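Engineer: Here is the input, now give the coordinates:
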Amino acid sequence: MSEDTNKQILEELRAIHRKLDAMDSPRGLSTPLKFIAVVLGITIVGPLLLIVVGLISRFVS
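Structural biologist: This next block holds a predicted model:
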């Protein structure tokens with residue numbers, strides 16, 4: 001194979017490698033999932049926190 005063909009193949013392999021590395025990079029949660037997490041956190045953690053505070057205040061007084 002000629003030198004030019006080898007260089008073209010090498011450049012294509014490098015491009016494929018860069019694309020694969022970009023696909024493997026960790027991604028965060030999408031915006032809708034963040035919204036769902038916040039809503040669930042407010043609806044579950046909030047009332048639980050109030051229950052715990054109520055129980056603690058009942059025992060303290």
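Engineer: Tell me where the model's unsure across this protein.
Structural biologist: The chain contains residues with pLDDT under 70 at 1, 61.
Engineer: Now do the same for the residue nearest in space to the middle of it: helix, strand or coil?
Structural biologist: What sits nearest the mean C-alpha location of the chain, by Cα atoms, centre = their mean, is G28, with 2.3 Å. With DSSP: H, G, I helix; E, B strand; the rest coil as the basis, the three-state label of G28 is coil.
Engineer: next SSE after the longest helix along the chain?
Structural biologist: Counting residues, the longest helix found in the chain (DSSP state H) is helix 3-24. Toward the C-terminal end, the helix or strand that comes next after helix 3-24 (DSSP states H and E) is helix 31-40.
Engineer: what residues does stretch 54-61 touch?
Structural biologist: Applying Cβ atoms under 8 Å, 6 or more residues apart in numbering, stretch 54-61 has no contact partners. Quick note: C-beta positions are derived from backbone N, CA and C, even for glycine.
Engineer: should've said stretch 18-36
Structural biologist: Here stretch 18-36 makes contact (Cβ under 8 Å, 6+ apart) with A37.
Engineer: end to end, how far does it reach?
Structural biologist: Taking Cα to Cα, to the nearest Å, stretch 18-36 runs 33 Å from one end to the other.
Engineer: Name the residues of that stretch that are buried.
Structural biologist: The neighbour-count check on stretch 18-36 (16 or more other Cβ atoms under 10 Å) flags nothing as buried.
Engineer: what's the distance between that stretch and the middle of its chain?
Structural biologist: Relative to its chain's centre, stretch 18-36 lies at 6 Å (Cα atoms, centre = their mean, to the nearest Å).
Engineer: do stretch 6-24 as well
Structural biologist: 25 Å.
Engineer: what about S2, distance to R14?
Structural biologist: According to Cβ to Cβ, to the nearest Å, S2 stands 19 Å off from R14.
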